[in-house]
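Asks: turn this into a structure:
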Amino acid sequence: MVKRDGVEGKPERRIHLCNESDNCQGKKWTPQNSHGEDEGNREEKSAPTTPITGTQSAFDATVNDGERQKQQLQSISASLASLTRETGPKVVKGDPARAETPRVSHVTHHHYTPTLTISDSALKFTHILYNLSPAELYEQAIKYEKGSFITSSGALATLSGAKTGRSPRDKRVVRDETTEDELWWGKGSPNIEMDEHTFLVNRERAVDYLCSLEKVYVNDQFLNWDPNHKIKVRIVSARAYHSLFMHNMCIRPTPEELENFGTPDFTIYNAGQFPCNRYTHYMTSSTSIDMNLDRREMVILGTQYAGEMKKGLFSVMHYLMPKRGILSLHSGCNMGKGGDVALFFGLSGTGKTTLSTDHNRYLIGDDEHCWSENGVSNIEGGCYAKCIDLSREKEPDIWNAIKFGTVLENVVFDEHTRDVDYSDKSVTENTRAAYPIEYIPNAKIPCVGPHPKNVILLACDAFGVLPPVSKLNLAQTMYHFISGYTALVAGTEDGIKEPTATFSACFGAAFIMLHPTKYAAMLAEKMRKHGATGWLVNTGWSGGSYGSGSRIKLAYTRKIIDAIHSGSLLEANYKTTEVFGLEIPTEIEGVPSEILDPVNTWSDKKAYKDTLLKLGGLFKKNFEVFADYKIGTDSKLTEEILAAGPNF
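Replies: Residues are numbered from 1 along each chain as shown. Have a look, this model is predicted:
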């Protein structure tokens, strides 16, 4: 979005440049091909285009370059195979604007009867722009996608259309014989079911749309820096913006790895410019993000927000990794110079990014990780940072990472200077920057580390009753990990300043696939095996709730985190709090001792006790949905976790 300075004395004019596919007011979009015809009963089910087990390579190391490219194109053609055609479209490499499309000889038979495997679309060539470089994707975006500009820092600014955030209520997962028993369904679960037939209808719609285009972008990349457990992913998309976004967010293969990439383990079909059919079963809007874990495929319709791809793959990892005994985690991760690793969990506003970014420590990753028998590894190859109110002073690393190669989503900038106004929320408050992790100076490449020494759960408690830091036993770690608590300030309309409690299971409820207790049990087992310590750190209020107390100073929180990293906090003297039964240190160097126990900072002791009991009640109510879950044949573990919660 471009911002023009207004003439003196006149209001500033802002120009919103829409994508051709945006359903903007006063503009009508007609898709090239709706593919809405009823092609009769489709009883025949196509075979998966991606392997269900193993990672066999489609390429033999002995083949020549020409044969390898042919096999690569055949693999992409197979990915784009329709349900009604045995093979995919005729695909060729290169930009149709630069290369002549191969000609197809006319069929001269007078009595020609087409079959389901032959159609007009099968005669058309689809140009594949395969793993383009950032420079090439810049050219594509600026030339063909309205609303794409180069900013003064060199980043590519683009628009995500009508949707400027994820659509969790439009996300669907195929419920079949496999997922019926494995996945978490029902109350509290993020997994909304659909059947396989509906998935295939949407897949056909997405694939037909992509094949109707002159060109599509294909990214073959990896997830997970652990070489023993990396996953091969293919992203097929219609926009250069999406291709560059995934180039940044996934792990970029070397030329040698790309040559021997073979068949992907998981494929995304991003036809986000094209809507789903709202009359299709299970659809509740024109947006649908559909996942089929058996076919290892994901289909996106009706949203161009790039974050759907990132978080969709994260959900896939939350399913695939635990099956290998690997814990998938929604966390930040850094490592000290001595090799000590810390995990940081926390919802928005808790300080996860601020506290995990430490110039004295190496950044392993900012958002998604795996904990395997080899240690910890980043799932991604990039960072997806919030940009709202970004400043060079507060976040210098993110500020400096916004340069050539970075994607800026939905920001507003000056038309002449192309300077971005990060305070402008006129498109959305959810402005974002996606950049490769090596743009961060202290990033550890490769993004792997030894087993974590500390597991830090962050909460911004606006009720002001949680201690600034508590040491957790394994049962308490599981309880607070499953709870995923923070409390933020509600709207201040009419002077209402009552805090609102927020709970998100495993600090990432929208992305988990299995029951939260399964992830919590894996976390506790790994912590026990490798001697990690759990900590609950409150970055919120002290001396009263929001409005009467004050927020704990960031300098104090940093001192607490430093004491955790150094190991000195383990040597402190501890006492136990009432209700939550938390172990709290009596003193920490550089932190006033009186604030370590919240009761000391409240002048009204009765108000403190009432607020503490209120928060305890909110924890108990939230945990009701998890209380009946069993691991194994009995409820012993669940009872142990419940006993670690508030007691009153």
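Asks: can you give me the helices in the stretch 401-550 of the chain?
Replies: 474-483, 516-530 (DSSP state H, counting those that start in this stretch).
Asks: packing partners of the shortest one?
Replies: With contacts defined as 3 or more Cβ pairs under 8 Å, 6 or more residues apart in numbering; DSSP states H and E, the packing partners of helix 474-483 are strand 452-459, helix 516-530, strand 533-538, helix 605-623, helix 636-643. C-beta: built from backbone N, CA, C; applies to glycine.
Asks: among these, where is the model least confident on average?
Replies: Mean pLDDT is lowest for helix 636-643 out of the helices and strands packed on helix 474-483, coming in at a mean of 87.
Asks: related to what we said a few turns ago, what's the most buried one of the helices of the stretch 401-550 of the chain?
Replies: Of the helices of the stretch 401-550 of the chain, the one with the most neighbours on average (mean count of other Cβ atoms under 10 Å) is helix 474-483, at a mean of 24.
Asks: could you give the mean pLDDT of it?
Replies: 97.
Asks: just give me how far stretch 590-602 sits from the chain centre.
Replies: 37 Å (Cα atoms, centre = their mean, to the nearest Å).
Asks: now it - C-alpha only, CSV.
Replies: What follows is stretch 590-602, C-alpha atoms only, in CSV (Å, rounded to 0.1, in the frame of the first residue of the first chain):
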residue,chain,number,x,y,z
GLY,A,590,19.9,-7.2,40.5
VAL,A,591,16.3,-7.7,41.4
PRO,A,592,14.5,-6.2,44.4
SER,A,593,13.8,-9.1,46.8
GLU,A,594,10.3,-7.7,47.8
ILE,A,595,8.9,-8.2,44.3
LEU,A,596,9.8,-11.9,44.1
ASP,A,597,6.7,-12.8,46.2
PRO,A,598,3.7,-10.9,44.8
VAL,A,599,1.9,-10.7,48.1
ASN,A,600,4.6,-8.3,49.3
THR,A,601,3.8,-5.8,46.6
TRP,A,602,0.1,-5.5,47.2
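Asks: what's it in contact with?
Replies: 464-469, 542-544, 549, 552, 555-556, 559-560, 575, 577, 584-588, 605, 608 (Cβ atoms under 8 Å, 6 or more residues apart in numbering).
Asks: list the buried residues in it.
Replies: Buried residues in stretch 590-602, counting neighbours by 16 or more other Cβ atoms under 10 Å, are found at 591, 595-596, 598, 601-602.
Asks: low-confidence regions, the stretch 351-500 of the chain specifically.
Replies: 490-497 (pLDDT under 70).
Asks: strands of that one, start to end?
Replies: Assigned by DSSP state E, counting those that start in this stretch, the strands in the stretch 351-500 of the chain fall at 362-365, 368-372, 375-378, 382-386, 407-409, 412-414, 420-421, 432-436, 448-449, 452-459, 469-472, 485-489, 499-503.
Asks: residue 126: what secondary structure?
Replies: strand (DSSP: H, G, I helix; E, B strand; the rest coil).
Asks: my read is that it contacts residue 207, right?
Replies: No. At 10.6 Å, residue 126 and residue 207 do not qualify as touching, with contact defined as Cβ atoms under 8 Å.
Asks: can you tell me how far residue 610 is from residue 465?
Replies: Plainly put, residue 610 is 10 Å away from residue 465 if you go by Cβ to Cβ, to the nearest Å.
Asks: residues touching the closest residue in space to residue 201 that isn't next to it in sequence, list them.
Replies: Computed as Cβ to Cβ, 6 or more residues apart in numbering, the closest residue to residue 201 that is not its neighbour in sequence is residue 280, at 5.7 Å. By Cβ under 8 Å, 6+ apart, residue 280 lies in contact with 198, 201-202.
Asks: shouldn't residue 280 be within a strand?
Replies: No. Secondary structure of residue 280 (three-state DSSP): coil, not part of a strand.
Asks: before we move on, back to that, let me know the closest of the contacts of residue 280 to residue 621.
Replies: residue 198 (34.7 Å; Cβ to Cβ).
Asks: and the closest one, what does it touch?
Replies: Contacts of residue 198 by Cβ under 8 Å, 6+ apart are 172, 280-283, 290.
Asks: in CSV: these, plus pLDDT and distance to residue 623.
Replies: CSV is the format used below for the contacts of residue 198 (pLDDT from 0 to 100; distance: Cβ to Cβ, whole Å):
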residue, pLDDT, distance to residue 623
172, 96, 27
280, 86, 37
281, 85, 34
282, 89, 30
283, 88, 33
290, 97, 31
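Asks: highest neighbour count among these?
Replies: In terms of neighbour count, residue 290 stands highest of these at 27 neighbours, by other Cβ atoms under 10 Å.
Asks: coming back round to it: out of the strands of the stretch 351-500 of the chain, which gets nearest to residue 318?
Replies: Per Cβ to Cβ, nearest to residue 318 of the strands of the stretch 351-500 of the chain: strand 368-372, 9.4 Å.
Asks: contacts for stretch 626-644 next, please.
Replies: So stretch 626-644 is contacted by 188, 473, 475-476, 478-479, 482, 505, 515-518, 520-521, 581, 623 (Cβ under 8 Å, 6+ apart).
Asks: out of the residues you listed, who's nearest residue 270?
Replies: Among the contacts of stretch 626-644, and counting by Cβ to Cβ, the member closest to residue 270 is residue 505, at 27.6 Å.
Asks: what is the neighbour count of residue 636?
Replies: Residue 636 has 11 nearby residues by other Cβ under 10 Å.
Asks: and it, how close does it get to residue 643?
Replies: Distance from residue 636 to residue 643, by Cβ to Cβ: 11 Å.
Asks: kindly report the same for residue 611.
Replies: In terms of Cβ to Cβ, residue 611 sits 23 Å off from residue 643.
Asks: tell me the SS of the residue nearest in space to the middle of the chain?
Replies: The centre of the chain sits closest to residue 311, judged by Cα atoms, centre = their mean, with a distance of 3.0 Å. What three-state DSSP gives for residue 311 is helix.
Asks: list the contacts of residue 355.
Replies: 332, 344, 456, 458, 539, 557-558, 561.
Asks: relative to residue 400, which of the strands of the stretch 351-500 of the chain is closest?
Replies: strand 432-436 (9.9 Å).
Asks: so what's the residue count around residue 358?
Replies: Neighbour tally, residue 358, other Cβ under 10 Å: 18.
Asks: now it, nearest residue through space, not along the chain?
Replies: Leaving aside its chain neighbours, residue 358 sits nearest to residue 334 (5.9 Å; criterion: Cβ to Cβ, 6+ apart).
Asks: and residue 477, by the same measure?
Replies: Residue 477's closest residue in space is residue 534 (Cβ to Cβ, 6+ apart), at 3.4 Å.
Asks: count the neighbours of the one you found for me.
Replies: Neighbours around residue 534, by other Cβ under 10 Å: 23.
Asks: so how far is residue 264 from residue 552?
Replies: 46 Å.
Asks: now residue 250
Replies: Counting by Cβ to Cβ - residue 250 and residue 264 are separated by 11 Å.
Asks: ok, now residue 481?
Replies: 32 Å.
Asks: could you do residue 282 as well?
Replies: 26 Å.
Asks: next: residue 325.
Replies: Taken as Cβ to Cβ, the span from residue 325 to residue 264 is 23 Å.
Asks: higher neighbour count, those two?
Replies: Set residue 325 next to residue 264 and count neighbours by other Cβ under 10 Å: residue 264 wins out with 26 against 11.
Asks: do I have it right that that one meets residue 234?
Replies: Yes. Contact status for residue 264 versus residue 234: in contact at 3.8 Å, counting by Cβ under 8 Å.
Asks: name the residues that touch stretch 503-521?
Replies: 166, 168, 173, 182-184, 188, 190-191, 311, 314-315, 318-319, 322, 327-328, 330-331, 345-347, 457, 477-478, 481-485, 622, 626, 629, 631, 637-638, 641.
Asks: can you say which of those residues are buried?
Replies: Of these, these count as buried by 16+ other Cβ under 10 Å: 166, 173, 182-184, 190-191, 311, 314-315, 318-319, 322, 327-328, 330-331, 345-347, 457, 477-478, 481-485, 622, 626, 629, 637-638, 641.
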